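Undergrad: Starting from these lines, generate the structure:
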Amino acid sequence: MTTITITYRIETAGSIEAMAAKIASDQSTGTFVAVPGETEELKARVAARVIAIRPLSDAAHPSWPELRAGDGQIKRADVDIAFPLDAVGTDLSALMTIAVGGVFSIRGMSGIRVVDMKLPQAFKGVYPGPQFGMAGSRRLTGVVGRPMIGTIVKPALGLRPDETAELVGELIGSGVDFIKDDEKLMSPAYSPLKERIAAIMPRLLDHEQKTGKKVMYAFGISAIDPDEMMRNHDLVLQAGGNCAVININSIGMGAMAFLRKRSGLVLHAHRNGWDVLTRHPGIGFDFKVWQQFWRLLGVDQFQINGIGVKYWEPDESFVESFDAVTTPLFDPSDCALPVAGSGQWGGQAPETYRRTGRTTDLLYLCGGGIVSHPGGPAAGVRAVTQAWEAAVADIPLDIYAKDHPELAASLEKFGSGKGE
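TA: Next comes the predicted model:
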C-alpha cells in the first residue's frame with residue numbers, strides 16, 4: 001500500500017502509545033462513537049497506522065498549559081504515522097487538513113510538532129515545482145562560480161517611486177546581482193507598484209544595454225485577490241522584469257498555485273509569518289515539512305534567514321533550512337535557491353560557507369550590510385564579494401582585509417556582527 005508518512009513529536013503525561021493510536025484514528029476513520037458503515041474492512045483500506053515510536057527524553061515543562069501539578073511526567077516521543085494515499089490523494093489542501101490541521105485540537109497532549117514528512121512518488125509531476133530554481137536564477141543573472149550577491153531597498157517603507165529609482169540606480173551601478181523590494185512593500189498609496197515599475201525598469205534595462213549585465217529585481221506583487229496579483233505579475237513581465245517577491249503565508253497555497261501556473265517570473269518566497277508556526281520548539285512545524293508544500297507549488301528562491309541573524313532564529317535552524325530546500329524531493333530540479341538574509345554582511349560568509357557544506361550555491365542577501373557601508377553601496381558589494389573570496393580560499397577575513405580596503409572598512413563598521 002502506498003502511504004504518506006508523517007512524523008509527530010508528541011508530548012503527553014499519558015500513554016504515548018495510546019496518544020499515537022488516537023491521532024491515527026482521529027485523523028482517518030475514527031469517530032467518538034462507532035457509526036453505521038464503520039467496518040474492519042473499511043479501516044484496513046483507508047485508516048492511518050502507527051508504524052514507529054521512538055522515545056525521547058522527558059520534557060521539563062509542558063508546551064501547552066493543559067497539564068496540572070501532579071499529572072505526572074511529561075513524556076515525549078517521535079511517532080511515525082502512515083496515511084494511505086487512497087485516503088488522502090495528492091491534493092495538498094487535503095494533506096494539510098488530514099495529516100496536519102486536526103492534530104492540534106486533540107485532547108490529552110501538552111504539545112505536538114510535525115517534524116518530518118515523506119511523500120511517495122505519486123506526488124511527482126502533480127505540481128509544477130520551481131520554474132527557474134537555482135539554475136534559472138544563475139542563468140538570468142549571469143553569475144557563475146560564486147554566490148549571487150543581493151541587497152534590499154532601504155528604508156523599507158516611505159520612499160516614493162522616483163526616490164526608490166534613484167537608490168536603485170546607485171545599487172545597480174555597484175555591481176550587485178540582485179535587488180528586492182522589502183516584503184512589506186507591495187503597492188501602497190505613496191508608491192503604487194505600477195509607478196514603481198515605470199520608474200525602476202528603465203534604469204535596469206539601460207544598465208543592461210550598456211554593460212550586458214541584467215540585475216535581477218524582485219518587485220513585491222503579493223495581493224489577497226489572485227486576479228489582482230496576476231495583474232501585478234503582468235505589469236512586471238510586460239515591463240521587462242524577471243522576478244517577484246511573494247509573501248507566501250499571506251497569500252496562501254491556493255493563490256500560489258494559481259500564480260505559478262501562469263507565471264513567467266522567478267518567484268522569490270518570503271516566509272514572514274512562518275515564525276508563528278515554528279517558534280515554540282514543542283508546537284507547530286519544522287521547516288523541513290512546511291517548505292515541501294511551497295516547493296511543490298513552485299517557489300524558485302526561498303528566504304531562510306542566515307548565520308548570526310538579527311531575529312530569534314539560531315544558526316542551527318538556518319543550516320537545517322538550507323539543507324531542506326537543497327535536498328531533492330524527487331529530483332534536483334525541484335530544489336529552490338536558498339536565500340541567506342537578515343542582518344547579513346561579509347562577516348558571516350566564512351561560517352555560512354563552512355556550515356552549508358562549502359557551497360556557493362546561494363543568494364547572499366544584505367540590506368544595511370551593503371547600503372550602509374562607509375564607502376557607499378558599491379564598496380559594500382565589493383566588501384561582501386571579498387569576504388566570500390576569503391571564505392572560499394580559507395583565508396581569515398582580517399588577513400584578507402589587509403589588501404582589500406572595502407572589506408577592512410566593513411569589518412571595522414560591522415564587526416559586532418550586526419549588518420542592519
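Undergrad: Residue 114 - that's part of a helix, no?
TA: No - applying DSSP: H, G, I helix; E, B strand; the rest coil, one finds residue 114 to be strand, outside a helix.
Undergrad: Let me know how buried it is, in neighbour terms.
TA: By the measure other Cβ atoms under 10 Å, the count of residues near residue 114 is 22. Backbone N, C-alpha and C define where each C-beta goes, glycine included.
Undergrad: got it, and the one 3 residues further on?
TA: By the criterion of other Cβ under 10 Å, residue 117 has 19 neighbours.
Undergrad: before we move on, what about residue 14?
TA: Around residue 14 there are 17 residues (other Cβ under 10 Å).
Undergrad: Would you agree it is in contact with residue 110?
TA: No - between residue 14 and residue 110 there is no contact under Cβ atoms under 8 Å: 9.7 Å.
Undergrad: Give me the three-state assignment for the closest residue to residue 340 other than its chain neighbours.
TA: Nearest residue to residue 340, sequence neighbours excluded (Cβ to Cβ, 6 or more residues apart in numbering): residue 306, at 3.7 Å. Residue 306 falls in the coil class when you classify it by three-state DSSP.
Undergrad: Okay, now the unreliable bits of this protein?
TA: Counting by pLDDT under 70, the chain contains low-confidence residues at 29-45, 67-71, 416-420.
Undergrad: Flag every buried residue along stretch 191-201.
TA: 191, 193, 195-197, 199-201 (16 or more other Cβ atoms under 10 Å).
Undergrad: Actually, stretch 282-298.
TA: Neighbour-count burial for stretch 282-298 [16+ other Cβ under 10 Å]: 282-298.
Undergrad: Give me the subset of the residues you listed that lies in strands.
TA: 283-285 (DSSP state E).
Undergrad: quick check, nearest of the buried residues of stretch 191-201 to residue 127?
TA: residue 193 (27.4 Å; Cβ to Cβ).
Undergrad: Ignoring the adjacent residues along the chain, who's closest to that closest one?
TA: Distances taken as Cβ to Cβ, 6+ apart place residue 187 nearest to residue 193, at 4.0 Å, with adjacent residues excluded.
Undergrad: Next up, the contacts around the one you found.
TA: By Cβ atoms under 8 Å, 6 or more residues apart in numbering, the contact set of residue 187 is 193-194, 220, 223, 232.
Undergrad: what residues are up against residue 2?
TA: Residue 2 neighbours (Cβ under 8 Å, 6+ apart): 84-86, 120, 122.
Undergrad: now do 6 Å
TA: By Cβ atoms under 6 Å, 6 or more residues apart in numbering, the residues touching residue 2 are 85, 120.
Undergrad: Please identify the helix or strand for residue 79.
TA: Element membership for residue 79, per DSSP states H and E: strand 74-84.
Undergrad: Give me the packing partners of that strand, helices and strands only.
TA: Secondary structure elements in contact with strand 74-84, counted by 3 or more Cβ pairs under 6 Å, 6 or more residues apart in numbering; DSSP states H and E, are strand 3-12, helix 16-26, strand 49-59.
Undergrad: partners of that strand, with directions?
TA: According to DSSP bridges, strand 74-84 forms sheet pairs with strand 3-12 (antiparallel), strand 49-59 (antiparallel).
Undergrad: got the contact list for the very next helix or strand once past it?
TA: The C-terminal neighbour of strand 74-84 among helices and strands, as given by DSSP H and E, is helix 85-88. Outside helix 85-88, the residues within contact range by Cβ under 6 Å, 6+ apart are 2, 4, 46, 94-95, 98, 122.
Undergrad: just stretch 383-398 next, same as before
TA: 147, 149, 346, 349-350, 353, 366, 373, 400, 404, 406-407, 410.
Undergrad: before we move on, the earlier item: to residue 359, which of the strands paired with strand 74-84 lies closest?
TA: Short answer: strand 3-12, nearest of the strands paired with strand 74-84 by Cβ to Cβ, at 26.9 Å.
Undergrad: Report the contact partners of residue 63.
TA: Contacts of residue 63 (Cβ under 6 Å, 6+ apart): 11, 110-111, 282-283.
Undergrad: hang on, I meant residue 360
TA: Going by Cβ under 6 Å, 6+ apart, residue 360 touches 146-147.
Undergrad: Quickly note the distance from it to residue 294.
TA: 24 Å (Cβ to Cβ, to the nearest Å).
Undergrad: Which members of the buried residues of stretch 282-298 are positioned in helices?
TA: 287-297 (DSSP state H).
Undergrad: Distance to residue 90 added to the residues you listed, as CSV?
TA: Compiled in CSV, these are given as follows (distance: Cβ to Cβ, whole Å):
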residue, distance to residue 90
287, 22
288, 20
289, 17
290, 18
291, 18
292, 13
293, 12
294, 16
295, 15
296, 9
297, 13
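Undergrad: and which of the residues you listed is nearest to residue 318?
TA: For those, the residue nearest residue 318 by Cβ to Cβ is residue 287; the value is 9.6 Å.
Undergrad: For that closest one, give me its contacts.
TA: Residue 287 neighbours (Cβ under 6 Å, 6+ apart): 321, 324.
Undergrad: Next one: it relative to residue 258, how far apart?
TA: For residue 287, the distance to residue 258 - Cβ to Cβ - is 24 Å.
Undergrad: what do you get for residue 228?
TA: Counting by Cβ to Cβ - residue 228 and residue 258 are separated by 11 Å.
Undergrad: With neighbour numbers in mind, choose between these two.
TA: residue 258 (17 against 13).
Undergrad: how much space between the closest residue to the more buried one other than its chain neighbours and residue 263?
TA: Nearest residue to residue 258, sequence neighbours excluded (Cβ to Cβ, 6+ apart): residue 226, at 4.4 Å. Separation of residue 226 from residue 263 (Cβ to Cβ): 12 Å.
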